[in-house]
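Chemist: sequence-free structure coming up:
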């Protein structure tokens, strides 16, 4: 009897430990892209072919963020006459077959293809814990002929461009509409500002005026977005630091930076095309679901990358430590940027730099925030700009 009691106690202990381990399951890193286009707007390929590209290139989650549209309802695409697009159709048909691919000819003999909806094509690709497709829309608005574009991740219902009487007002009106939908549905979602320097449309001062914006693109792979600014206008990193300092001075939450593809072109790969594989985010979340990913991102538990993989980012409230997953033959420089409380006008100063795969920065009393940037010696494949190296950006931390 005593042996039986001991056995029961042992089994209960094992069960308790297993349950506890399950509940405290470690978070994992998930790779995803939050800005991509298809034939549903101005991309040049079919949703299924795009999903296949990202899944086969080891992404864990992806969105199709087409302009002012969700992939719902019936839409027929008139295929361009070019040999590239004809070849793309033949490839699509060969991969998925006549039973899946619906096509017809219009009155002039040109080919039209019915585009599959999200609910149709997600059944082919999604796997629990392996690959996730999140519904998204690129709200494409304008003011004074300036293109003002904003992506909404995990949107539930299409949002029409809201308009406004200034750049900041247009951005705020659309942001408020996203907040409203989130409150009504109870579904987590967020809006991020796309490529501020595209046609030099959005300035740091425009973003500083906003209430509730938490994300923007510090890197966008489209060749026309001016990531690095020019002699008169700031780079995306300089914009980030200027807005960051202003936000924190005003008591607002920090602004987080994303890296995205903004892919439109899937057939010709070169620096003049907007191709997949240029920028992504790595999110440390408890599972691969929209709610977990958004929860982690809103807590700053992610980094942006064009190729560098980080092993870990650790902040204990005093010290920020960044460690890199090293590639053989590749060197790394880890830089820490921040702004001093005593001189907020000098935003984004280089505070410390270490050559190596791991570095730590201890925040000083005068530090408003600190973020890290990792630059590798490895040349970026199919880069945004000739000579680009692979890079990663961590999110700002506050003491």
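Modeler: Arrived safely. Predicted model, so just to flag it, every value in this text is computed and none were measured. Numbering: from 1, shown residues only.
Chemist: immediately after the worst-scoring helix or strand of the chain on mean pLDDT, which helix or strand?
Modeler: Every helix and strand of the chain was ranked by mean pLDDT, DSSP states H and E. The lowest is helix 2-23, at a mean of 48. Counting by DSSP states H and E, the next helix or strand C-terminal to helix 2-23 is strand 28-33.
Chemist: List of residues touching that next one?
Modeler: 54, 58-63, 260-261, 263, 276, 279-288, 293 (C-beta atoms under 8 Å, 6 or more residues apart in numbering). C-betas here are computed from N, CA, C, even on glycine.
Chemist: So which of the residues you listed are in helices?
Modeler: In this view, these that belong to helices under DSSP state H are 54, 293.
Chemist: Quick one: buried ones out of the contacts of strand 28-33?
Modeler: 54, 59-63, 260-261, 263, 276, 279-286, 288, 293 (16 or more other C-beta atoms under 10 Å).
Chemist: residues touching residue 320, list them.
Modeler: 313, 314, 336, 360, 361, 363, 370, 372, 394, 397.
Chemist: Scan these and report the most crowded one.
Modeler: residue 372 (28 neighbours; other C-beta atoms under 10 Å).
Chemist: any idea how far residue 312 is from that one?
Modeler: 12 Å (C-beta to C-beta, to the nearest Å).
Chemist: next one: residue 234
Modeler: From residue 234 to residue 312 the distance is 30 Å (C-beta to C-beta).
Chemist: what about those two, which has more around it?
Modeler: residue 234 (21 against 12).
Chemist: Measure how far the strand or helix carrying residue 351 is from the centre of its chain, please.
Modeler: Taking DSSP H and E as the criterion, residue 351 maps to strand 349-355. Distance of strand 349-355 from the chain centroid (C-alpha atoms, centre = their mean, to the nearest Å) equals 26 Å.
Chemist: Just the contacts of residue 320: which are in strands?
Modeler: 313, 314, 336, 360, 361, 370, 372, 394 (DSSP state E).
Chemist: just the strands in the stretch 51-200 of the chain please.
Modeler: For the stretch 51-200 of the chain, the strands defined by DSSP state E, counting those that start in this stretch occupy 61-64, 76-78, 103-105, 111-114, 132-143, 146-153, 190-193.
Chemist: Can you tell me which of the ones you listed is most buried?
Modeler: strand 61-64 (a mean of 26; mean count of other C-beta atoms under 10 Å).
Chemist: Check the spacing between residue 331 and residue 211 real quick.
Modeler: Going from residue 331 to residue 211 by C-beta to C-beta gives 42 Å.
Chemist: whoops, residue 144 was the one
Modeler: Residue 144 is 22 Å from residue 211, by C-beta to C-beta.
Chemist: Could you do residue 329 as well?
Modeler: 47 Å.
Chemist: next one: residue 307
Modeler: Distance from residue 307 to residue 211, by C-beta to C-beta: 35 Å.
Chemist: Which one of these two is surrounded by more residues?
Modeler: Remark: of residue 307 and residue 211, residue 307 carries more neighbours, 22 against 11, as counted by other C-beta under 10 Å.
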